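**Student:** What shape does this take:
(chains A and B)
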Amino acid sequence: MTRWFALALLAFMLALVVSHVAVVRALPSFIMNRGMGMIADLGATENQWYTAPRITAATSAVVRSSPDLAYAACLLNVADGPVRIEVPAWDLYGSLSVFDGDTRNLFVGPLDQGAPVEVIVYRRGETISPPSTAQAIALSTDTGIALVRRLASTQALHTAAQALMVQSRCEAL
Amino acid sequence: MRRALLIAAALLLGVLGGVGSALAFSGLLTDRIRLGDFVEIDGWESSWTVGTDTMNPYTKAWVARFGLFALRREEAVYFITRMDSEGRALDGRCTYALTVENQPGSWWSVTVYNADGYLPQNTHDRLSFDALQAERDQRRQVLLSADKPDAAAGNGYWVSTDQAGAFDVTLRIYQPTPAAILDPANHFDLPEIVRRSCGAGGSS
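**Tutor:** Numbers count the residues shown, from 1 in each chain, chains lettered A, B, ... in the order given. Reported below is the predicted structural model:
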């Protein structure tokens, strides 16, 4: 009987460690997928810019969104090839950032330096030849997200910031 | 049969314990247990490895839940506090004051979020205070309260905590200086949140 109790203890410890590690490792990509799913539910489609409405209590879909920023998102899918992103500059604080499907922030480019920011996002392991004006970003996952943040704490600034998204690109190369 | 049940029960308990401890150590069940890598200054906390490969898995899980799409520290740092200057949990029924000094970065803002990390569900359109407003209005004091403060409360900028419940305050600092990233305790001047009154009668 003692041997069975020892076996049960071993089974308990094994199940504890394996499930603990599995949950901790799976949580970020699980939550990331849910976050991207919520943005898709708002009307965003893959490899196209989605211009978010001004952040208010009623429109905030993602945790800790800032009401002072104008956001735009592009749900990236590089499974079928690279995606080109280009975003114009902004006079106030602004950034273009790229995240992989595991929450890693792979790239941040400033939009307040007077020049547009251009990147090519591709699946790690592929061979690409980006133009000299673009920075190449390798995703470790098929999906990810590109985000534009522009400081726009008034309705007028927000309107001006979101109007710039018409000139922006997020498209399969 | 009894032995098989014993092993099955042990496996089930192990899985439950593993899932529960993973959620708890990631800070998703309670704030009291957390194995993340956090910088703590005057009651404000920030993860210093957000977005990087060096972020430990517990921090990564916490950030995914409470700060999804957070930028790495070279671009932005996010300090969060849930406590007033006397260590009491922030409460949407109370009135607080804080004075935000300039921070070592290109822009900062103060925003109130509810316990789930979302903006409080009110219609006051007074959700944050930022460096541009501070510069434009030449004032640095922020009043956190559910209702618009009267003139006697001073000329602080009102941020509404209506419907906030047990809330937290997030101070974002964009493009922090390299010196501040290296030595945060000696560069960031994080405000005390002082409780002025509490409850319907406004007593302290």
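**Student:** Quick test: name the residue nearest the centre of chain A.
**Tutor:** A:Ile145 (2.7 Å; Cα atoms, centre = their mean).
**Student:** I'd assumed B:Leu68 was in contact with it.
**Tutor:** No - counting by Cβ atoms under 8 Å, A:Ile145 does not reach B:Leu68; the two are 9.6 Å apart. Placement of C-beta: from N, CA and C, glycine included.
**Student:** Any regions of the chain where pLDDT drops low?
**Tutor:** Looking at chain A here, since you left the chain open. The model of chain A has pLDDT under 70 over residues A:1.
**Student:** my bad, chain B
**Tutor:** Ranges of chain B meeting pLDDT under 70: B:30-37, B:51, B:53, B:152-153, B:200-204.
**Student:** And the strands in it?
**Tutor:** Chain-ordered strands for chain B, with DSSP state E as the definition, fall at B:38-41, B:44-47, B:76-81, B:94-99, B:107-113, B:128-130, B:141-145, B:157-160, B:168-174, B:194-198.
**Student:** TSV for those, including mean neighbour count and distance to chain A?
**Tutor:** As requested, the strands of chain B are exported to TSV (neighbours: other Cβ atoms under 10 Å in any protein chain shown; distance: least, Cβ to the nearest Cβ, whole Å):
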stretch	mean neighbour count	distance to chain A
strand B:38-41	15	16
strand B:44-47	22	12
strand B:76-81	24	8
strand B:94-99	20	17
strand B:107-113	23	5
strand B:128-130	24	5
strand B:141-145	22	14
strand B:157-160	20	9
strand B:168-174	24	5
strand B:194-198	15	23
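**Student:** and of those, who's closest to A:Ala138?
**Tutor:** strand B:76-81 (22.8 Å; Cβ to Cβ).
**Student:** So what's the gap between that closest one and the chain middle?
**Tutor:** 7 Å (Cα atoms, centre = their mean, to the nearest Å).
**Student:** try stretch A:154-166
**Tutor:** Distance, centroid of stretch A:154-166 to centroid of chain: 21 Å (Cα atoms, centre = their mean).
**Student:** quick one: that stretch near chain B?
**Tutor:** No - applying Cβ under 8 Å from any Cβ of the partner chain, one finds stretch A:154-166 separated from chain B by no less than 8.9 Å.
**Student:** try stretch A:56-69
**Tutor:** Yes - against chain B, stretch A:56-69 shows contacts by Cβ under 8 Å from any Cβ at A:Thr56, A:Ala57, A:Ala58, A:Ser60, A:Val62, A:Val63, A:Arg64, A:Ser65, A:Ser66, A:Pro67, A:Asp68.
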